[in-house]
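Visitor: next input, structure requested:
(one chain, ligands or ions: 1)
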Amino acid sequence: FHTSCPVRCYSTELDATVERHTQKLRKYYDYRRSNDGVFLESGGETVALPPQQEEERTINAEEEEEEEEEAAASNNNNNNNNHHHAWGLPHLPWQKSPEDKEKKKKSRSHCGQSHYHVLHHREIKRGVKSHLREIFGLGSELETYESESEAKKADPTRLTSTPEWAALEAHAREMKGIHLRELLADSRRVAALSLEAAGAYLDYSRQKVSEETMRLLAALARRMDVDSKRQRMREGDDVNTSERRPVLHFALRAAREDVEKNFYTSTVVREAVESAISVRERVFEFADAVRSGVVRTPRGENFASVVVVGIGGSYLGPEFITSAINQNDSDLDLRFVANVDPEAFDRETADLDPTKTLIVVVSKSWSTAETLRNARTVRDWILAAYDDDVDRDTVVASHFCACASRSVADKVKAWGIDPDTRLFEFWNWVGGRYSSSASAGLVPLALARGSSAARAFLEGARDVDKHFFDAPLEKNVPAIMALLGVWNVNFLGLGARAVVPYAHGLSRFAAHVQQLEMESNGKSVTVDGRPLDYTTGEIVFGEPGSNAQHSFFQLLHMGQCVPCDFVGFLTPAEGQRDVAGHHELMANFFAQPDALALGRSFEDVVTDVLVGASDDVDLCTHRTLSGDRPSLTLLFRTLDARAVGALLALYEHRTAIQGWTWDINSYDQWGVELGKTLASDIRQHLANPNGDALNANPSTKRLLDMYLQANAPQSSSSWQ
Ligand SMILES: O=P(O)(O)OC[C@H]1O[C@H](O)[C@H](O)[C@@H](O)[C@@H]1O
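Guide: Numbering: from 1, shown residues only. Below you'll find the model as predicted:
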């Protein structure tokens, strides 16, 4: 309780009482309120903070802004009135009544995402209060507790209380009013807002930013100590604070030279690099032996296919990298079975010969229910294909290998896999979604595409690691991408992002980035447990271009504004000789960002009618695109293993910089645990419906009854 108590978020008058109980709690109650405002005692100094609450400030700012917008719109309306009449447009009610404004104000407080900030804050506050009541026997003192959230809001260490945050809020009001058409007309801007590093060229001139915006964002990141957090990661400190471990996935692609030349100096990192190299070499040796037929099936035949069983980080990254790197030689046929739906297994294995299939089970924890179930299904499938001529243990030992944490070696052994030869371990300093450069990604990649492709992949990632650790934030590709995300989410209110690679090989890239970012940065408390009052994380989705243009791009052009990452390649992918086809693809790649940014003005559409190119006056408003929709362009030379490694590392580091700026831990995922626990109770209930009654709400009970009825022998269930 003492070290994790979130009470320290709140101002309190409780010190005197609490001190009677424990001296240690004192540091959690260091706020004082006075009638003049809020005072924070910090290191013996008292800092006065303005009494106005942040929520009020935001609402006032928004109102001012709205009034400005209304005034601008009304001017615009007067200027354009002739158009409206000439083209028969409906009257547009620019002016809002005072009642409308009042209604809007009411509905705005605690709506959308901020409802959840308030909810989480209340949840913790309620818990803390009952904790104090039960453990410390506090009673009437808690009355004062109700008003303490004001002090919390004025905590100057909180991201939203920093002067840099306020400066960005003010700056955003200015930038919102400048259309991208105007910004893009400035020829100096492209040079200022683009850079090349580690084989990647980033153009972010189509973001709604100026050089000043970037300066302010870097200042915010520095205020949040991003530079020193990055250094702490590089030195192997426990930056994953809630799990008390370092975060060292960059060590997985380091070379010995990086240690010898003191790029990495700490003992922790040096040891990590050494362990990574030794497992990596074992992986490559094994993969080469399988591919060359030295390692064979129990019947002495060559393996023809590989089935990788894993889920989440043990699936999405490995699938992304292996499908992106296509060597087009005599590759082993590679399949992934992730979903616990039996259909996944059936579909992926229907055309495979089990006696010639090597199985790679990827699970860091070796306890993920879906993976263990699928692994059992695969084992049964293989065993069933053998007559009694080969003994069961030999079949499992020959057909299976494992990528898992060393700490679960016993469980791997119990499964029938020899931990000394067939376990390719990774360490607790590699998070699941960061394990593509660990054995989780390297075993499938080296088996399917060869060890030289896997080495090139690691080198591409290593180039980015070096750039990431060395370059200042202003010249750092992943840092710039990260801060643009913060800008869009927190200052422009754009919480989603589309990732659109113009390369068929990157079909699974968006799914990987989705997990990487959403699991890393979707958090509700700061690293030290304080409830957040700002949004973190981005809603990431995507499909490869040009397919995406024909599915969700309509909304991006005319509906909600969703910033996009466009990823493209200057030359066709390795082995692809259809250059004209690549031109066709890239014509779309270059066109879409401009269509989003520039849109199509009403005047332009009207001109079509005037010159006779179109005769449908009624469609003028339908065909107008307001533009001003931000995107960034990321270009690589060609889609090869090196570029895939670079892409992987860029997005990993982007995620880190955002997490540090948002003051959250990007390396835990407590949110996914609850669902697993509930599923476990339900699983038991489904296996034994007549056993102990399930403690569930009426809705779930009813749904389960329907389910059990439908699956009962001779079911006659109906939906009524
Ligand atoms: O590799 P495993 O231990 O099987 O974990 C597989 C996945 O399951 C979890 O639910 C996590 O949300 C993921 O981060 C993890 O990658």
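Visitor: rest of the way, CA atoms for contacts and neighbours
Guide: Fine.
Visitor: element containing the residue nearest the centre of the chain, please.
Guide: Nearest residue to the geometric centre of the chain (CA atoms, centre = their mean): residue 517, 0.9 Å. Using DSSP states H and E, residue 517 maps to helix 509-521.
Visitor: avg pLDDT for that helix?
Guide: Across helix 509-521, the average pLDDT comes to 98.
Visitor: phi and psi next, for residue 569.
Guide: phi -130, psi 140 (degrees, to the nearest 10).
Visitor: that one bridge partners, please.
Guide: With DSSP bridges as the criterion, residue 569 is bridged to residue 636.
Visitor: and it, what is it in contact with?
Guide: Going by CA atoms under 8 Å, 6 or more residues apart in numbering, residue 569 touches 502, 503, 635, 636, 637, 638, 639.
Visitor: mind putting those residues in JSON lines, distance to residue 216, neighbour count and pLDDT included?
Guide: Shown next, in JSON lines, are those (distance: CA to CA, whole Å; neighbours: other CA atoms under 10 Å; pLDDT from 0 to 100):
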{"residue": "502", "distance to residue 216": "32", "neighbour count": "23", "pLDDT": "98"}
{"residue": "503", "distance to residue 216": "34", "neighbour count": "24", "pLDDT": "97"}
{"residue": "635", "distance to residue 216": "26", "neighbour count": "19", "pLDDT": "98"}
{"residue": "636", "distance to residue 216": "28", "neighbour count": "22", "pLDDT": "98"}
{"residue": "637", "distance to residue 216": "32", "neighbour count": "15", "pLDDT": "97"}
{"residue": "638", "distance to residue 216": "34", "neighbour count": "18", "pLDDT": "96"}
{"residue": "639", "distance to residue 216": "34", "neighbour count": "21", "pLDDT": "96"}
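Visitor: hmm, back to that, tell me if the helix holding residue 517 is near the ligand.
Guide: No. Residues of helix 509-521 contacting the ligand under CA under 6 Å from any ligand atom: none, with a closest distance of 7.1 Å.
Visitor: could you name the helices and strands sitting against whichever helix or strand comes after that helix?
Guide: Downstream of helix 509-521, the next assigned helix or strand under DSSP H and E is strand 539-541. With contacts defined as 3 or more CA pairs under 8 Å, 6 or more residues apart in numbering; DSSP states H and E, the packing partners of strand 539-541 are strand 496-501, helix 509-521.
Visitor: what angle sits between the last one and strand 496-501?
Guide: Spelled out, that is helix 509-521. For helix 509-521 against strand 496-501, the angle by axes from the mean of the first three to the mean of the last three CA atoms, to 10 degrees is 140 degrees.
Visitor: quick check: residue 602 touching residue 621?
Guide: Yes. Counting by CA atoms under 8 Å, residue 602 does reach residue 621; the two are 6.9 Å apart.
Visitor: and the gap between residue 356 and residue 259?
Guide: 41 Å (CA to CA, to the nearest Å).
Visitor: from the contacts of residue 569, pick the one nearest residue 609.
Guide: Closest to residue 609 out of these is residue 502 (34.3 Å), distances taken as CA to CA.
Visitor: contacts only, for residue 278.
Guide: By CA under 8 Å, 6+ apart, the contact set of residue 278 is empty.
Visitor: quickly find the element holding it.
Guide: Applying DSSP H and E, one finds residue 278 within helix 267-291.
Visitor: for residue 165, same thing?
Guide: Going by DSSP H and E, residue 165 is part of helix 163-176.
Visitor: quick one: buried residues of that helix?
Guide: Across helix 163-176, burial judged by 16 or more other CA atoms under 10 Å covers 164, 165, 168, 169, 171, 172, 173, 175.
Visitor: once you drop chain neighbours, what's closest to the first one?
Guide: Leaving aside its sequence neighbours, residue 164 sits nearest to residue 220 (CA to CA, 6 or more residues apart in numbering; 5.2 Å).
Visitor: surely that neighbour forms part of a strand?
Guide: No. Counting by DSSP: H, G, I helix; E, B strand; the rest coil, residue 220 is not found in a strand; it is helix.
Visitor: how many residues are close by it?
Guide: 23 (other CA atoms under 10 Å).
Visitor: now it: how far from the ligand?
Guide: 29 Å (CA to the nearest ligand atom, to the nearest Å).
Visitor: could you number the chain from 27 rather than 1 from now on?
Guide: Sure, I'll start counting at 27 from here, so that last one is residue 246.
Visitor: doesn't residue 688 make contact with that residue?
Guide: No. Assessed by CA under 8 Å, residue 246 is found out of contact with residue 688, at 9.8 Å.
Visitor: quick one: common contacting residues for those two?
Guide: Joint contacts of residue 246 and residue 688 (CA under 8 Å, 6+ apart) do not exist.
Visitor: pLDDT at whichever residue of the stretch 577-726 of the chain sits closest to the ligand, what is it?
Guide: Of all residues in the stretch 577-726 of the chain, the one sitting closest to the ligand is residue 698 (5.7 Å; CA to the nearest ligand atom). pLDDT recorded at residue 698 is 93.
Visitor: separation between it and residue 394?
Guide: Counting by CA to CA, the gap from residue 698 to residue 394 is 12 Å.
Visitor: more neighbours, these two?
Guide: Using other CA under 10 Å as the criterion, residue 698 and residue 394 rank with residue 394 on top: 14 against 10.
Visitor: quick one, what contacts the more buried one?
Guide: Contacts of residue 394 by CA under 8 Å, 6+ apart: none found.
Visitor: farthest pair within the buried residues of helix 189-202?
Guide: 190 and 201 (15.9 Å).
Visitor: flag every residue of the stretch 427-576 of the chain that's near the ligand.
Guide: 458, 459.
Visitor: residue 413: how many residues sit nearby?
Guide: There are 9 residues near residue 413, going by other CA under 10 Å.
Visitor: before we move on, what SS does it have?
Guide: coil.
Visitor: distance of it from residue 324?
Guide: Residue 413 is 12 Å from residue 324, by CA to CA.
Visitor: what's the answer for residue 202, then?
Guide: 66 Å.
Visitor: and if you look at residue 193?
Guide: 68 Å.
Visitor: and residue 630, by the same measure?
Guide: Counting by CA to CA - residue 630 and residue 324 are separated by 71 Å.
Visitor: what parts of the stretch 277-426 of the chain come near the ligand?
Guide: Residues of the stretch 277-426 of the chain lying near the ligand (CA under 6 Å from any ligand atom): 337, 338, 339, 340, 389, 390, 391, 392, 394.
Visitor: in strands, which of these appear?
Guide: Assignment to strands by DSSP state E places none of those there.
Visitor: which of those has the most neighbours?
Guide: Busiest of those [other CA under 10 Å] is residue 340, holding 28 neighbours.
Visitor: isn't that one right next to residue 459, touching?
Guide: Yes. Judged on CA under 8 Å, residue 340 makes contact with residue 459 at a distance of 7.0 Å.
Visitor: restricting to C-alpha, output the host helix or strand of residue 623 in CSV.
Guide: Residue 623 is part of helix 605-624, with elements assigned from DSSP H and E. What follows is helix 605-624, C-alpha atoms only, in CSV (Å, rounded to 0.1, in the frame of the first residue of the first chain):
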residue,chain,number,x,y,z
VAL,A,605,8.2,-1.4,-63.1
ALA,A,606,5.1,0.0,-64.9
GLY,A,607,2.9,-1.6,-62.3
HIS,A,608,5.0,0.0,-59.5
HIS,A,609,4.5,3.4,-61.2
GLU,A,610,0.8,2.8,-61.2
LEU,A,611,0.9,2.0,-57.5
MET,A,612,3.1,5.0,-56.6
ALA,A,613,1.0,7.4,-58.7
ASN,A,614,-1.7,6.7,-56.1
PHE,A,615,0.8,7.0,-53.3
PHE,A,616,1.8,10.5,-54.3
ALA,A,617,-1.8,11.6,-55.1
GLN,A,618,-3.6,10.7,-51.9
PRO,A,619,-1.7,12.9,-49.4
ASP,A,620,-2.4,15.9,-51.6
ALA,A,621,-6.0,15.0,-52.1
LEU,A,622,-6.3,15.0,-48.3
ALA,A,623,-4.3,18.1,-47.7
LEU,A,624,-5.6,20.3,-50.5
